[in-house]
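I'll drop the sequence and a predicted model, then ask my questions.
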Amino acid sequence: MELIGYTCPYIPVEILSATGFRPYCLLHGDYDLMQHGTQYARIDACPLVRANIAYVIENKSNFAALVGTTGCDMSRRMFDILGEHTRIPCYLMHQPRTYNQKIHDDEIDYLIDSLSHLSKRNIMDALTHEIDKWEATRNVFRKYDRARHGEPSTVSSSDFQKAATHYYKGELDTIPDIAKKLSNKPRVYLVGSEVSYESREFLELLEVDLRIVGDFVCGISTFLNISIAERTLSGIKNAYHNQPPCIYRRPNKAFYEHIVKQIAERKCIGVIAFTLDYCDAYEFELKKMENTFGLPLLRIRNDYSSQKTSQLKTRIAAFGEMLCS
Amino acid sequence: MGKYMYRDPEPKKITLDEWSMQFRNIDNKTIKKFIYYNNHDWGIYLQPPATFMLYGARELKRLRLDNSLAALRMWGFVFNESERLFRARQSCKKVIATMGDLGTISIIVMAFPNCVPFYPECIWWTPFFNESTVLLDMASELGAPEAACFSRAALAAFFKKAYFPKADYIFASTGATCDDYSCIMQSIEHLGYDFMWLEVPLRRSPARHDTMNSYVTTKNGSRYPRRFEEYLIHDYIRVWEKMVELTGIDDMDLLTASITKANRVRNLVEKIKRATNQATIAPFPALELMTIEFGNLYGYADMDEWIRILEMIHDTIESRVQEKKGVMTEDAIPIAWVNPTADPYLLNYVEDLGLRVVETEYVINQAIVGIDEQMEPFRALAQSFMQASLIGSTAQRISSINKAMRKGRIEGILITNMLGGSHCAMETKLMERLLKDKPVLAIDVPAPFGITEQIKTRLQAFAEVLHEQRK
C-alpha cells in the first residue's frame, strides 16, 4: 500500500504527501475500466467516475486511503460505492460550493487529523518540506506553461499533459523534460470536464490543427493555480481556497472572470469546450460560455472512447480552418 | 354527513367524468367554504378536476383520483397554486422563491407576515400533468441537457414568466446534494435574477479516530459533526436578515410560531402515513399520498389552508380505516417507492397492478422529520435539515426502507430514476445491492408521452414476481 487516492483540486497534495503515502489523483478514463465500472454505477454516471471506481477496485491493495470532496455529486457518491466494495479508509471532505472559507479551513483541519491517525505521522512537522517540494514542481511546470502560451507557443498541451501525469500520480522524481515544439497554429483555450490519464491521443488530435495555449481542465494545468505564498498550514488553506473557482462554485461569476482574463492574456482566438457525457457542470454552461467568451467555440462531447475519432478530426479541422480565415 | 352537506360515497378511485358527475352533488355552501388566503371573494378553489384538465392538466383524463371530498379539496387547492401565487402578488404579499433545500428555508420565510414561499422545482410535475414538452423544450433551448432532472422545467418557467410571478427574492441552496438542480439554479441566475446562495453541508459519519469534532446523533441514528449545524445556522441568520430587510419586521417569536405550524403539518402527515400504511386495506391512493407528502415543503403556498385540508384528509382516512374500507383490495402487495416519480401516472398504474405503496423515500426526509420546539429555532431547523435525504450516504437514505424490509412490511422496492440525474446514476446499483433481500425494480421515468409498453411490461413483470413470491 503506497498510494493515497484523491479526486479534487481542492485537496492539498502537500497534506496527502506528508502522510508518507504517494498522492495519486484518480483520473482514469480507460474504456475497459469504464465498462467494468458499470457494474457499480449506472451507464449514465460520469465516465471518469465509473473508470475510477473500477480502477480502485482492481487495484485496491495499492491504496492506503482515499480522499474526496463534495465538489461534484457523482464523484462524492463514488465513495459510498468504494466503501461498500473495498475496505480502503475513505475520507470525504465537505468542499463548500459557496465561498465560505471557514468550512474549507475546518475541513482541512479534519483531513489533517484523520490522516495523522491513519499514517501515525505528525503531518504538521512535514508541511514546510512538502510545500517546498510541491511548489518547486509547480514552478517547473509554470516554466513549461509560459513556453506553452509564448508567442510563438513552443510547448504543446499534449506534451504538457503527458508530463503532468507524473504530478498527478505523485511521481515527482520522474517528471520528464518537455521537448520544444514550435507552433503557429490557431491559438485556442481548452475548458471543460476532466481529461484522463489516457487522454493524450485526444489532445494530440486537437493539436493537429490547433494549439492549446491555455486550459481550465482538471488533468492538465489547473494545479498551477495553486501558489502557496506562506509556507504554513494557513498558507495551504488560503492557496487552495483562493484558487480560481471550480465551475461548481456558486455563483460562478469568478470562474468566468478568470477564464475571460486567461483567454485575453494568452491571445486565444477560439475556445474548445470539452464535456464528458453526463457532466452537468459544463453541459449546463455551454450557452453561457458562448455568450461570455465572445470567440468561436467548438463543443466536443465524448466519453473518452475513440468511437467518434474520424468525425472529430473533421470537426477540429473545420474549426481550425475557420479560425485561420 | 358531518361538517358538510355532503356524504362521501364508498371509497374508490374514479375518472374525471365520474368526478364531474359526483361534483353535482356538492352544494354551493360547501363549495364556498373552501378558500385560500382566507379570502371569500376570489379564494374559492373547489372545482371538478375536469376544470384543471381544460386549463391544461391533460393527463388528468388518464388518471383516476380518490372520490372523497377531502381529496377533491386537495386537488382543487394544489392545482390552484399558480393562480394563488399570482393572487399573492396582486394582494401585495411578498413572493419568495426558496430553491434546493426542499423544506426548511420556507419555514423561515413563512415566519414573516404576508410572505409566501414557493419551490419552483415542484414545477417538474407540470410537463407530465400537462402532457406537454413545452417547458422541457424551452429548458433545452436555454442550454439544459436532455439527460438531466426534470426539474429543469423550472429554468423554462423562470424564463417564460407565466407559471409563477416574479419572485421578490430567491434563496438557493447548493452543496452536498443533487448537482442537476444546482446547475439549473445557476442557469436561472444567469437569466438575471438576484440570488442568495446558501450552503448545504454533508452529513458525514464520524471517522474512527476523530478527536476534534463533537457529533450530533439524530433520532434515526445517523451522526454528523456539530459544526455542520453552525454552518447552517450562519446561513439561516443571513436568510432572516434578508427577510427583515425586505419586510421591516424582526420578531423571533414569529419564527417559533412558524416552526410550530410546520410541525403541525409534519405531525398530521406522519399520522396520515401511519394510518394509511398500517391499515389492512389501503384507505387512500398513492398519488394523493405523494401529493400530501410534498405539501410539507411549503403547504402549497398557503400553510393555514393546507393544514385544514390535511385535517380533513386525516379524518377521511381514519373513518375509512375504522370501516375497513379503501381504494385497493386487501391482497394488494406492499412495496416501497424510492425517488418521487415526475409522472403521476406511474403511481396509478402500479396500483392497477395490485401493488400498494407503504414506504417512501421521496428525497424530502428533511421536510418529514419533526423540528424540536424546545430548542433555539435556528438550531432546531438546522438539526432537522441535517436529516435530509440527499446529504448523507445511500445506506442512510434507505435505512427506513431497509428496516421495513427486515420487519417484513414490504415485499418489493420500486426505484424511479431520471436519466442523467446525479444521485440516480450513482445510487441505484448500490441500493439494489443493499436491498437485495427483496425484488427491486429500477426504471427511468421517461419524458411526457414516454411510458411505453416496454416500461409497462417491466412493471407487470415486477408485479408478477411479487404475486408469485407470495404464493
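Okay, I see it.

Assign the residue nearest to residue A:221 when sequence neighbours are not counted to helix, strand or coil.
Nearest residue to residue A:221, sequence neighbours excluded (C-beta to C-beta, 6 or more residues apart in numbering or on different chains): residue A:215, at 5.5 Å. Yep, even glycine has a C-beta here, placed from its N, CA and C like the rest. Per DSSP: H, G, I helix; E, B strand; the rest coil, the secondary structure class of residue A:215 is strand.

so residue A:215 makes contact with residue A:189?
Yes - Residue A:215 is within contact range of residue A:189, at 6.7 Å (criterion: C-beta atoms under 8 Å).

Would you mark the buried spots in stretch B:262-269?
B:262-266, B:268-269 (16 or more other C-beta atoms under 10 Å in any protein chain shown).

ditto for stretch A:160-176
Neighbour-count burial for stretch A:160-176 [16+ other C-beta under 10 Å]: A:160-170, A:172, A:175.

Likewise for stretch B:128-136?
Counting neighbours by 16+ other C-beta under 10 Å, stretch B:128-136 gives B:128-133, B:135-136 as buried.

Could you save these as JSON lines and add columns showing distance to residue B:27?
As requested, the buried residues of stretch B:128-136 are exported to JSON lines (distance: C-beta to C-beta, whole Å):
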{"residue": "B:128", "distance to residue B:27": "33"}
{"residue": "B:129", "distance to residue B:27": "28"}
{"residue": "B:130", "distance to residue B:27": "31"}
{"residue": "B:131", "distance to residue B:27": "33"}
{"residue": "B:132", "distance to residue B:27": "35"}
{"residue": "B:133", "distance to residue B:27": "40"}
{"residue": "B:135", "distance to residue B:27": "38"}
{"residue": "B:136", "distance to residue B:27": "41"}
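
coming back round to it: the residue nearest to residue A:221: neighbouring residues, count only.
Residue A:215 is flanked by 28 other residues according to other C-beta atoms under 10 Å in any protein chain shown.

now residue A:23, what's its secondary structure?
Per three-state DSSP, residue A:23 ends up strand.

For it, the count of nearby residues, please.
Neighbours around residue A:23, by other C-beta under 10 Å: 25.

what's the answer for residue B:391, then?
Other residues near residue B:391 number 26, with proximity taken as other C-beta under 10 Å.

Please apply the same query to the one 5 residues further on.
The criterion is other C-beta under 10 Å. On that basis, residue B:396 has 21 neighbouring residues.

is chain A contacted by stretch B:115-133?
No - against chain A, stretch B:115-133 shows no contacts by C-beta under 8 Å from any C-beta of the partner chain, the least distance being 14.8 Å.

Endpoints of that stretch, how far apart?
Distance between the two ends of stretch B:115-133: 32 Å, counting by C-alpha to C-alpha, to the nearest Å.

how far does that stretch sit from the chain's center?
11 Å (C-alpha atoms, centre = their mean, to the nearest Å).

Quick check: mean pLDDT of that stretch?
Throughout stretch B:115-133, pLDDT has a mean value of 98.

just stretch B:306-326 next, same as before
Here the average pLDDT along stretch B:306-326 is 98.

What of stretch B:215-233?
91.

do stretch A:88-102 as well
97.

is that stretch anywhere near chain B?
Yes - Stretch A:88-102 comes into contact with chain B (C-beta under 8 Å from any C-beta), by way of A:91-92, A:94, A:96-98, A:100, A:102.

How about the contacts made by residue 268?
The chain I'm using is chain A. Residue A:268 makes contact with A:187-189, A:213-214, A:295, according to C-beta atoms under 8 Å, 6 or more residues apart in numbering or on different chains.

ah, I was thinking of chain B
Taking C-beta under 8 Å, 6+ apart as the test, what residue B:268 contacts is B:307, B:310-311, B:314.

Against chain A, how distant is it?
Using C-beta to the nearest C-beta, to the nearest Å, we find residue B:268 at a distance of 33 Å from chain A.

Now that residue: which helix or strand?
helix B:252-278 (DSSP states H and E).

Show me the shaky parts of the chain.
Looking at chain A here, since you left the chain open. Low-confidence segments of chain A, defined by pLDDT under 70: A:1.

my bad, chain B
Low-confidence segments of chain B (pLDDT under 70): B:1-2.

Just the terminal-to-terminal distance for stretch B:368-385.
10 Å.

contacting residues for residue 82?
This is for chain A. A:53, A:56-57, A:66, A:88, A:90.

Please refer instead to chain B.
B:163-164 are the contacts of residue B:82 under C-beta under 8 Å, 6+ apart.

Can you name the helix or strand that the most centrally placed residue in chain B falls in?
In chain B, the C-alpha nearest the mean C-alpha coordinate belongs to residue B:294, at 2.0 Å (C-alpha atoms, centre = their mean). Assigned by DSSP H and E, residue B:294 falls within helix B:286-294.

and that helix with helix B:252-278, angle?
160 degrees (axes from the mean of the first three to the mean of the last three C-alpha atoms, to 10 degrees).

related to what we said a few turns ago, can you list the contacts of residue B:268 in a markdown table and add distance to chain A and neighbour count?
Below are those laid out as a markdown table (distance: C-beta to the nearest C-beta, whole Å; neighbours: other C-beta atoms under 10 Å in any protein chain shown):
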| residue | distance to chain A | neighbour count |
| --- | --- | --- |
| B:307 | 34 | 16 |
| B:310 | 33 | 23 |
| B:311 | 38 | 14 |
| B:314 | 36 | 19 |
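
Kindly indicate which of those residues lies nearest residue B:247.
For the contacts of residue B:268, the residue nearest residue B:247 by C-beta to C-beta is residue B:307; the value is 22.7 Å.

pretty sure the closest one contacts residue B:264?
Yes - counting by C-beta under 8 Å, residue B:307 does reach residue B:264; the two are 5.7 Å apart.

The most centrally placed residue in chain A: what secondary structure?
By C-alpha atoms, centre = their mean, chain A has its centre lying nearest to residue A:218, at 1.7 Å. Judged by three-state DSSP, the three-state class of residue A:218 is coil.

Convert the C-alpha atoms of the helix or strand encompassing residue B:136 to PDB, please.
If you go by DSSP H and E, residue B:136 is part of helix B:134-141. Listed next in PDB are the C-alpha coordinates belonging to helix B:134-141 (Å, rounded to 0.1, in the frame of the first residue of the first chain):
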ATOM      1  CA  VAL B 134     -43.100  23.000 -23.900                       C
ATOM      2  CA  LEU B 135     -41.200  23.600 -20.700                       C
ATOM      3  CA  LEU B 136     -38.600  20.900 -21.300                       C
ATOM      4  CA  ASP B 137     -38.100  22.100 -24.800                       C
ATOM      5  CA  MET B 138     -37.600  25.600 -23.700                       C
ATOM      6  CA  ALA B 139     -35.100  24.400 -21.000                       C
ATOM      7  CA  SER B 140     -33.200  22.700 -23.800                       C
ATOM      8  CA  GLU B 141     -33.100  25.900 -25.800                       C
END
